[in-house]
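**Student:** A structural model of the following input is requested.
(2 chains)
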Amino acid sequence: MATIYIDNKPYQANEKQNLLHACLSLGFNIPYFCWHPAMNSVGACRQCAVKEFKDENDKRGKIVMSCMTAVRDGLRISIDDPEVKEFRARVIEWLMTNHPHDCPVCDEGGECHLQDMTVMTGHVYRRFRFRKRTYVNQDLGPFVNHEMNRCIQCYRCVRFYNEYADGRDFGVFACHNHVYFGRHKDGVLESKFSGNLVEVCPTGVFTDKTLKRHYTRKWDLQTAPSICPHCGMGCNTIPGERYGTLRRIRTRYSGQVNGYFICDRGRYGYEFVNSPERIKDPLRRVSGEGAGPGKYAPFEKGTALGAIKDVLNVSRGVMGIGSPRASLEANFALKKLVGAENFFLGIPDADYRILSLVLDIYTKGSARTPTLDEVESSDAILILGEDVSSTAPRLALAIRQAVKRKSFEAAGGMTIPYWDDKAVRIAAGGRRNPLFILSCSHTGLDDMAKERYFAAPDDLARLAFAFASRIDTGAPGPEGMSPDFKDLTARICGALESSKNPLIVCGAGAKNEGLVQGAANLAWALRKQGKSAFLSFVLPGANELGLGIIGGRPVADALKAIGEQKADTVIALENDLYRSLDKKNADTLLSAKFSITLDQISNETTKKSWAVLPAASFAESEGTYVNFEGRAQRFYKVFVQGGGTEESWKWLRDIMLEAGRPEASNWDTLDGILRDMANEIPVLAPITGIAPPETFRIAGMKVPRQPHRYSGRTAMHADKSLLEPKPPEDRDSALSFSMEGYAGVPPPALIQRFWAPGWNSVQALNKFQSEVGGPLRGGDPGKRLFEPGPGASPAYFAQVPPGFQPRKDEWLLLPVYHIFGSEELSMHAPGIASLAPDPYIALSEQDRLQLGKQEGEYMEVGIGETSYSLPVKPVRELPEGIALMPSGLPGLSGIGFPVWIKKPGKGARR
Amino acid sequence: MFSILKTMWYTFLHMFSRRFTVQYPDERPRIAPRWRGRIILSRDPDGQERCVACHLCSVACPVDCIALQAAEDETGRRYPEFFRINFSRCIFCGFCEEACPTYAIQLTNDFEMGEYHRHNLVYEKEHLLISGTGKYPGYNFYRVAGLAIGGKGKGQAENESPPVDVKDLMP
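**Tutor:** All right, here's what the predicted structure looks like:
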């Protein structure tokens, strides 16, 4: 720590930082544009000027850019010096000379960093009377709107898109005062993080195109802290609602999880909440007159509960199917309702085995699961069989930063401070930490990889075992590995051994248990060598790990129970059985006499159930998800959907209360069920402490979901009734559906928006962090459930899987994932759906030639009893004997990967 | 007894004092030009809706009696999908008019808004929108703004140069 003097008062500041960073952390307001805590300084905008003095006798001083000045002991500066204030006002006046007269029609208005900074510097009247420069905009796809006239040339967008996210189809064009930020021609932005441009851009050049369709100002949005439901990363988000529909998602900063950025699936997948397919009332299949497939009639909540109670009373056996996209609370409630022996995890068998294995590894293992923040600090990474960029996009972005981190270290050796971004890039930009990707086919991180190797998952697993046994001879290794692998093993093991924090990433994507075991062995072997090795498993569902912690039996057992007529009632919780199981098995389950489904959106399962209960989506419920690292995080209701919609756990509670079950008697509020869950499941003991309880108040007040400038309160319902309705009461959390309440910075788990006086844009976040770019004040929210014990020394998995044997007449069909398309809920968002690929089958070049098929030519593929006609997509690197098919696309769901499929005869035509 | 006669005397005297009662509605009161009465939405000189649904009136409104939703036509021109003023709440403070960046919302001289039913005081866009420019003739926001809309491309607004040719390297 160094002592710096700001306007003659001493302050403590971090010497490693630049002056702007330090001053903002100290709470001073210095206007800035180009600096960003995640992207550091370039000194492009000249806005953050301060005056530096030689010593206390120096009265003249000199103007310096604070973002390009290092903090050093005894530094004397002035922020309030009249000359420097004048300088900053002039700079913004120049920046504004070409800025259009757009604020009323600009989507950034009201949360615009440029507006804030203009007000902060005191620039009020426009003196420039000449012509304004204009640009032609581009169509950048369904997510990002482009309005180039508003640009102030801060270069943040290119720096994020090209340098941080490694995008290649975006850039800065032209010269002098004509510089243009965009693509070389109109087209969809390729990067899966393009949505972050909306938050990175300090003004309205890049705005949210989905928000534009139902535009609402920031001050009119009702917001609450939430968690992204579209993958297992558990990114923190802030969804916003107005007039009963969800309007947008913004990143909720979390130092340890997602930082400043989220992926486009998380940002734009929210539209499923507004889908016309949403189920809003309890439905019952029409029997007797007017009956038919898909004929449903709504019924009252009370009647529904009564009818379900009657069913439960007469039923021979009730089975509950849990879900990786339902909250911990909902799964727990269902387990309580049906009993532990009748609770089944509604995931495919391969996933079930992998999930059990991962839980086992997390519980007894010695390698720590890294936070995303820690991923960025690892210095050698091995990815085993997972296309991280599609199944866990935010993790892929973190891995990119980890690979590039080497250049910062190298620059540090040349006494270049880490924040001097351009200098770091010029001096050491090419240096990278090693990333090895071992997979079936190409992945989205290939451009960062030092080395790639393509093989069947079984062979990859053997390789992982081989690496482990090389690093620690005590670990079991495969027999008879081909000598070809000797060099590969040496290179990868060498890199891992010469690193400090190696990271092994694996996941459920390859559907291979051996691979998971191999990854664990490898990480444990590295631990034994004294490395602080990280081990990360990517799981598909938002609460997949949570579902595993709740614990239940595999679905295969449920099918058996139905077959043996031990049960005749099935309760499916937020689970489309036709996605989790193949058609035959889903049909079997739904052939139960009574099938009751709780879900948000109409799907195959709800269309075949006896009764459907409308479940609240993530934005309408309170609950807890456990993310891939084992971090339990709370999400809150953003709004109340109305109609018959109810949170799943409340439906289940009400059914239990109706049936007179005492277990649910304490579940009056969320805290009640949390307490029961924490008492019953030891791993979940910390979950009561991850967020303040319902009784939490600040100065006697709740935390308001609506901003203090929320408008239209007395007119928004006036078309229906002049009697203003009482706002809904939230009995489950310390947040209220009102604009009244505590207006300051709430505890981190309750941060519902980033706003501070004078800081209307998302940059107000500076005021919520204990140090800019660091953890939130009060610590990052969420609690990790698994920490390796200090002396953990797990026994290695001993069984090395046999190598992959290609078959002559069959392929092993494996899934391939798409960020847009493979996830269920986000596919109901029109933007995401428009970017999802059409179904296809990927064959190796060799197989394609053997079949005599052209690229795109259709081919019949029989899987089980279903036959698909799919275009052929050649994938050059695909190992022999393997075919790939996209996972989860509409029309391709419910395939139980991995599965052997028959090769068609040579030259067979459609 | 005396006090009764005294009050009668005073009442009698009032018959000769100046009358303040205005015989409304037979006699119209004088309304100042800047009177803040019934709120209207005006059109620009080209006959298009002036309101661009920026939400500034609704946020300025101290009683929160304005609610609207923005929408965009196929050319990118923004307009309110609905625009509702609850006049049973309105205090005619005129903040909305001050906040309006396009002269769309204006307070007029009309104060005769009595209704037998309160819900008739809820005015939707069709009740608010007039066919003229109101108090401020001549101003058209889109002629000044940089946003391209139907009939006005980039660089065609007032004080704008033609769009930059990105491929041009001339100084």
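
**Student:** which residues touch whatever residue of chain B ends up closest to chain A?
**Tutor:** Residue of chain B nearest chain A, by Cβ to the nearest Cβ: residue B:146 (2.6 Å). Where you see a C-beta, it was placed from the backbone N, CA and C, and this is true even at glycine. Listed by Cβ atoms under 8 Å, 6 or more residues apart in numbering or on different chains, the contact set of residue B:146 reads A:100, A:101, A:102, A:132, A:134, A:147, A:149, A:150, B:154, B:157, B:160.

**Student:** Could you rerun that using 10 Å?
**Tutor:** Shown in contact with residue B:146 (Cβ atoms under 10 Å, 6 or more residues apart in numbering or on different chains): A:98-102, A:105-106, A:132-135, A:147-150, B:154-155, B:157, B:160.

**Student:** Over to residue A:686?
**Tutor:** So residue A:686 contacts A:632, A:678, A:782, A:783, A:784, A:785 (Cβ under 10 Å, 6+ apart).

**Student:** again, only this time at 8 Å
**Tutor:** Listed by Cβ under 8 Å, 6+ apart, the contact partners of residue A:686 are A:632, A:678, A:783, A:785.

**Student:** State the distance from the last one to chain B.
**Tutor:** Which is residue A:785. 43 Å (Cβ to the nearest Cβ, to the nearest Å).

**Student:** Neighbours of the residue nearest to that residue when sequence neighbours are not counted, how many?
**Tutor:** Excluding its sequence neighbours, the residue lying closest to residue A:785 (Cβ to Cβ, 6 or more residues apart in numbering or on different chains) is residue A:630, at 4.6 Å. For residue A:630, the neighbour count with other Cβ atoms under 10 Å in any protein chain shown is 24.

**Student:** Mind checking the pLDDT average for the lengthiest helix in chain B?
**Tutor:** When chain B is parsed with DSSP state H, its longest helix is helix B:2-14. Averaged across helix B:2-14, the pLDDT comes to 93.

**Student:** which is the next helix or strand following it?
**Tutor:** strand B:39-41 (DSSP states H and E).

**Student:** can you tell if the next helix-or-strand element following that next one touches chain A?
**Tutor:** Using DSSP H and E, the helix or strand that directly follows strand B:39-41 along the chain is helix B:56-60. Yes - counting by Cβ under 8 Å from any Cβ of the partner chain, chain A has neighbours in helix B:56-60: B:56, B:58, B:59.

**Student:** tell me what helix B:56-60 is packed against?
**Tutor:** Counting contacts by 3 or more Cβ pairs under 8 Å, 6 or more residues apart in numbering or on different chains; DSSP states H and E, helix B:56-60 packs against strand B:66-72, helix B:95-99.

**Student:** With mean pLDDT and distance to chain A added, can I get those in a markdown table?
**Tutor:** Formatted as a markdown table, the helices and strands packed on helix B:56-60 follow (pLDDT from 0 to 100; distance: least, Cβ to the nearest Cβ, whole Å):
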| stretch | mean pLDDT | distance to chain A |
| --- | --- | --- |
| strand B:66-72 | 94 | 3 |
| helix B:95-99 | 95 | 10 |
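
**Student:** now those in TSV, with mean neighbour count?
**Tutor:** Listed next are the helices and strands packed on helix B:56-60 as TSV, based on neighbours: other Cβ atoms under 10 Å in any protein chain shown:
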stretch	mean neighbour count
strand B:66-72	22
helix B:95-99	18
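
**Student:** residues near residue A:202, how many?
**Tutor:** 28.

**Student:** who are the neighbours in contact with it?
**Tutor:** Residue A:202 makes contact with A:33, A:112, A:113, A:114, A:117, A:152, A:154, A:156, A:761, A:763 under the criterion Cβ under 8 Å, 6+ apart.

**Student:** do the same with residue A:895
**Tutor:** A:582, A:813, A:815, A:863, A:885, A:887.

**Student:** tell me the mean pLDDT over the helix or strand containing the third one?
**Tutor:** Secondary-structure element containing residue A:815, defined by DSSP H and E: strand A:810-816. Confidence for strand A:810-816, expressed as mean pLDDT, is 92.

**Student:** go on, stretch A:5-24?
**Tutor:** Averaged across stretch A:5-24, pLDDT comes to 93.

**Student:** Among the contacts of residue A:895, which one lies nearest to chain B?
**Tutor:** Nearest to chain B among those is residue A:887, at 36.2 Å by Cβ to the nearest Cβ.

**Student:** gap between the closest one and residue A:459?
**Tutor:** 21 Å (Cβ to Cβ, to the nearest Å).

**Student:** The lengthiest strand in chain B pairs with which strands, parallel or anti?
**Tutor:** Longest strand of chain B, by residue count under DSSP state E: strand B:78-86. Sheet pairing for strand B:78-86, assigned by DSSP bridges, gives strand B:66-72 (antiparallel), strand B:122-123 (antiparallel).

**Student:** okay, the ones you listed in JSON lines with distance to residue B:36 next?
**Tutor:** Below are the strands paired with strand B:78-86 laid out as JSON lines (distance: least, Cβ to Cβ, whole Å):
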{"stretch": "strand B:66-72", "distance to residue B:36": "15"}
{"stretch": "strand B:122-123", "distance to residue B:36": "16"}
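
**Student:** Contact partners for residue B:70?
**Tutor:** A:215, A:216, B:53, B:54, B:55, B:78, B:79, B:80, B:81.

**Student:** make it 10 Å
**Tutor:** A:105, A:107, A:212-217, B:51-55, B:78-83.

**Student:** Got a ChimeraX select line for the buried ones in those residues?
**Tutor:** To isolate the buried members of these in ChimeraX, using 16 or more other Cβ atoms under 10 Å in any protein chain shown:
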select /A:105,107,212,214,215,216,217 /B:51,52,53,54,55,78,79,80,83
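
**Student:** Nearest residue to residue A:43 in space, please, no chain neighbours.
**Tutor:** Among residues not flanking residue A:43 along the chain, residue A:68 sits closest, at 4.3 Å (Cβ to Cβ, 6+ apart).

**Student:** what's around the one you found, how many residues?
**Tutor:** Residue A:68 has 20 neighbours, counted by other Cβ under 10 Å.

**Student:** What about the contacts of residue B:146, which are in strands?
**Tutor:** A:132, A:133, A:134, B:160.

**Student:** now the last one, which residues is it bridged with?
**Tutor:** In other words, residue B:160. Beta bridges link residue B:160 to residue A:132, judged by DSSP bridges.

**Student:** Surely it touches residue A:131?
**Tutor:** Yes - when contacts are counted by Cβ atoms under 10 Å, residue B:160 is listed as touching residue A:131 (6.0 Å).

**Student:** Give me the more crowded residue out of the two.
**Tutor:** residue B:160 (22 against 14).

**Student:** residues in contact with the more buried one?
**Tutor:** A:98, A:100-101, A:131-134, A:149, B:144-146, B:152-154.

**Student:** ok, now which ones touch residue A:518?
**Tutor:** Listed by Cβ under 10 Å, 6+ apart, the contact set of residue A:518 reads A:384-385, A:438, A:457, A:460-468, A:475-476, A:478, A:504, A:506, A:512, A:797, A:800-801.

**Student:** mind listing which of these are in helices?
**Tutor:** Of the positions in the contacts of residue A:518, A:457, A:460, A:461, A:462, A:463, A:464, A:465, A:466, A:467, A:468 sit in helices, assigned by DSSP H.

**Student:** how many neighbours does the last one have?
**Tutor:** Residues contacting residue A:468 under the criterion other Cβ under 10 Å number 30.

**Student:** what do you get for the second one?
**Tutor:** The local packing count at residue A:460 equals 27, with neighbours defined by other Cβ under 10 Å.

**Student:** Which residues belonging to stretch A:589-603 are considered buried?
**Tutor:** So, applying 16+ other Cβ under 10 Å, buried residues of stretch A:589-603: A:589-590, A:592, A:594-603.

**Student:** residues touching the spatially closest residue to residue A:736 that is not a sequence neighbour, list them.
**Tutor:** Nearest in space to residue A:736, with sequence neighbours left out and distances taken as Cβ to Cβ, 6+ apart, is residue A:702 at 4.0 Å. Residue A:702 makes contact with A:694, A:696, A:730, A:733-738, A:740-742, A:746, A:750, according to Cβ under 10 Å, 6+ apart.
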